[in-house]
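Chemist: Dropping a prediction and its sequence here:
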Amino acid sequence: MDKVKNTEQLKALQSALRKDAEEAASRKVIIKVAMATCSIASGAKPVLDFFTEEMPRQPLEFIIKSTGCTGFCHSEPTVEVTLPGKDPVMFGHVDVKKATEIVNDYIKGGKPVAGTVEVSRS
Amino acid sequence: MKAQQLKIALRNCGVIDPEDIQDYIANEGYLALASCLSGPREAVIETIKKSGLRGRGGAGFSTGTKWEFAAKPESDKKYVVCNADEGDPGAFMDRAVLEGDPHSVLEAMAICGYAIGADEGYIYIRAEYPLAIKRLHIAIAQAEEAGLLGENVMNTGFNFKIKLKYGAGAFVCGEETALIKSMEGNRGEPVSKPPFPATKGYRGKPTNVNNVETFANVAAIINRGADWFSSIGTEKSKGTKVFALAGKVKKVGLVEVPMGTTLRELVYDIGGGILGDKQFQAVQTGGPSGGCLTVKHLDTPIDYESLVAAGSMMGSGGMIVMDEDDCMVAVAQFYLDFTVEESCGKCVPCREGNKALYSILNKITHGHGTMQDLDRLKELSAVIKGASLCALGQTAPNPVLSTINNFYDDYVQHVVDKKCRAKKCRALIQYRVVEENCIGCGACKRACPADAITGEIKQKHFIDQEKCIKCGACHQKCKFSAIAID
């Protein structure tokens, strides 16, 4: 990354990054896997590996991100999936079996998958 | 209406990729630093003061005032230190912030550096947090590469380097003077204040020490304004507080709520109530320095003053919920065990007094306590609190005092009746076969590691109390409710 030289450049970079993100969200599936120490301890790593291996096989554009703690210790490992134009859906207790369901049923089929976590954001 | 979370310190946690600075920049990252650098340093301190932000490590001192103290002295060198020596049992707020949003802390440290006139910052972090350390290293390298940290930040002439120092896991090193001693390579022992670190800190230079969560609030305050921040919370406690909600609640988690939210709202609305819909007994706040609050405190608003008035304290944010099955005497003993282990040994009242407190509690949980012991617990606690140098000793007896005050009957029951209501104190319970339920399957006998159970198949079984070690294995194995605990 080039050095940011002043506030204007930082603001320009910020709006460019935002635009990219919005553009990506309008057509790509965004998958966020929580990868804090506690998420990893409860089994997030194989889930992340599964998505990184499985998604390129799908005829879909996608972004996979690992994030920090979502705060939902009671439901780790958690995965948040945002389909283009839809609200994010958080899935809890995700293992590889459930991740497969998420890909096949929710991401490809648009059908609900059991075991979502209620997220209230204010 | 159900209480809601409000995320300020955790705004980016679980949202952005902590290993990608672009994700942080897209979310207003480093904008606060840029705006601070374009104005006078006094204005930064004024904003933080006006916001009402107070230290989130537990003591609750005004952050803006602390910065002002460190800004005042003339010195060729000053330091900013981030206290990431999170040590309370059951607390993981700082780890979550550092693992989920490391740049928010780096940015705030740079802002603080600019405000007080420091060009160097240190994060004192526990070596037990390897992932947080890894992500901090990545974040520092990325920020330096982007010209947002290091030499000549954004061409303003402001320099700010951040380095890490690893703590070896001593609880006392969370105390700022002990932390500085440890950073200097000395034994982590507190020294008396004054001089405060703001005048004479790391390597004898003016040093400002803030907690991770305190820093995590700073950029949001600069971006959205002091008035916005001070509109959240109560009269004296502004903004939000992050809690590691643990123990017997349905939704264990890392939560952030506006100050003034009640304990009831936190436990029942956010935490979803008690596991297995059992009876709420107590909530422990403030870690080993705090206390246990009871049903009558459930409507206490969470703010620095109210929690102290109720007999506990805010602390760094550990919140452990206990149900009817928890023995409060044993809980006090657990926390004291921790403090005895973690006392640095410098002050006699803390080093020896807490040991004595522990042995009295041990006596009580083993059924040898007397009523005089209860008075001695109180007397000794007062001495330890009054005669210890640092907050570790001054607060160590709090779990004992708050449980004596709030659960006196439980103590009396242990001492007089030699019984433990929660059936947690092994010396005071007995496992017994309920004859009418026993079908003689032999599961308990096979599970018993002490060969204390006798009985033929399809015959009533029997537990030999002399041999029983009270491990509870039989109780767990029995599917017919035929093992009772008396």
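Modeler: That came through, no problem. Residues are numbered from 1 along each chain as shown, chains lettered A, B, ... in the order given.
Chemist: Identify the residue nearest residue 37 in space, chain neighbours excluded?
Modeler: No chain in the question, so chain A it is. Leaving aside its chain neighbours, residue A:37 sits nearest to residue B:131 (4.9 Å; criterion: Cβ to Cβ, 6 or more residues apart in numbering or on different chains). In this view, the C-beta of every residue, glycine as well, is placed from N, C-alpha and C.
Chemist: you looked at the wrong chain, it should be chain B
Modeler: Of all residues not flanking residue B:37 in the chain, residue B:156 sits nearest, at 4.7 Å (Cβ to Cβ, 6+ apart).
Chemist: Give me the phi and psi angles of the one you found.
Modeler: Main-chain dihedrals, residue B:156, degrees, to the nearest 10: phi -100, psi -10.
Chemist: Up against chain B, what does chain A have?
Modeler: Contact residues, chain A versus chain B (Cβ under 8 Å from any Cβ of the partner chain): A:1-7, A:9-11, A:13-14, A:17-18, A:21, A:32, A:34, A:36-38, A:40, A:65-74, A:78, A:80, A:120-122.
Chemist: again, 7 Å this time
Modeler: By the rule Cβ under 7 Å from any Cβ of the partner chain, the part of chain A lying against chain B is A:1, A:3-7, A:10, A:13-14, A:17-18, A:21, A:34, A:36-37, A:65-74, A:120, A:122.
Chemist: tell me, which helix in chain A spans the most residues?
Modeler: Residue-count comparison of every helix in chain A, with assignments taken from DSSP state H, identifies helix A:7-27 as the longest.
Chemist: lowest-confidence helix or strand of chain A?
Modeler: The element with the least model confidence among the helices and strands of chain A, by mean pLDDT, DSSP states H and E, is strand A:116-117, at a mean of 88.
Chemist: Adjacent strands (with direction) for that strand?
Modeler: strand A:89-91 (antiparallel) (DSSP bridges).
Chemist: Strands of the stretch 201-350 of chain B, start to end?
Modeler: Counting by DSSP state E, counting those that start in this stretch, the stretch 201-350 of chain B has these strands, from start to end: B:207-211, B:240-247, B:253-258, B:280-285, B:291-293, B:318-323.
Chemist: Residue B:383 is nearest to which of those strands?
Modeler: With Cβ to Cβ as the measure, strand B:291-293 is the member of the strands of the stretch 201-350 of chain B nearest residue B:383 (18.2 Å).
Chemist: Quick one: list the elements packing against the closest one.
Modeler: Helices and strands in packing contact with strand B:291-293 are listed as strand B:280-285, helix B:398-406; criterion 3 or more Cβ pairs under 7 Å, 6 or more residues apart in numbering or on different chains; DSSP states H and E.
Chemist: Buried residues, stretch B:333-353. List them.
Modeler: By neighbour count on 16 or more other Cβ atoms under 10 Å in any protein chain shown, the buried set for stretch B:333-353 is B:333, B:335-336, B:338-340, B:342-344, B:346-347, B:349-351, B:353.
Chemist: Helices - which of those land there?
Modeler: Counting by DSSP H, those contribute B:333, B:335, B:336, B:338, B:339, B:340, B:342 to helices.
Chemist: possible to save those as JSON lines with distance to residue B:254 and pLDDT?
Modeler: Written out in JSON lines, the entries for these read as follows (distance: Cβ to Cβ, whole Å; pLDDT from 0 to 100):
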{"residue": "B:333", "distance to residue B:254": "27", "pLDDT": "94"}
{"residue": "B:335", "distance to residue B:254": "21", "pLDDT": "94"}
{"residue": "B:336", "distance to residue B:254": "27", "pLDDT": "95"}
{"residue": "B:338", "distance to residue B:254": "21", "pLDDT": "94"}
{"residue": "B:339", "distance to residue B:254": "25", "pLDDT": "94"}
{"residue": "B:340", "distance to residue B:254": "29", "pLDDT": "95"}
{"residue": "B:342", "distance to residue B:254": "24", "pLDDT": "93"}
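Chemist: quick check: mean pLDDT across stretch B:81-101?
Modeler: Across stretch B:81-101, pLDDT averages out at 94.
Chemist: And for whatever residue of chain B ends up closest to chain A, the neighbour number?
Modeler: For chain B, the nearest residue to chain A under the criterion Cβ to the nearest Cβ is residue B:100, separated by 2.0 Å. For residue B:100, the tally of surrounding residues (other Cβ atoms under 10 Å in any protein chain shown) stands at 29.
Chemist: Could I get the contacting residues of the closest residue to it other than its chain neighbours?
Modeler: The spatial neighbour of residue B:100 that comes closest, neighbours along the chain excluded (Cβ to Cβ, 6+ apart), is residue A:68 at 2.0 Å. Shown here is residue A:68, whose contacts under the criterion Cβ atoms under 7 Å, 6 or more residues apart in numbering or on different chains are A:36, B:13, B:14, B:18, B:96, B:99, B:100, B:101.
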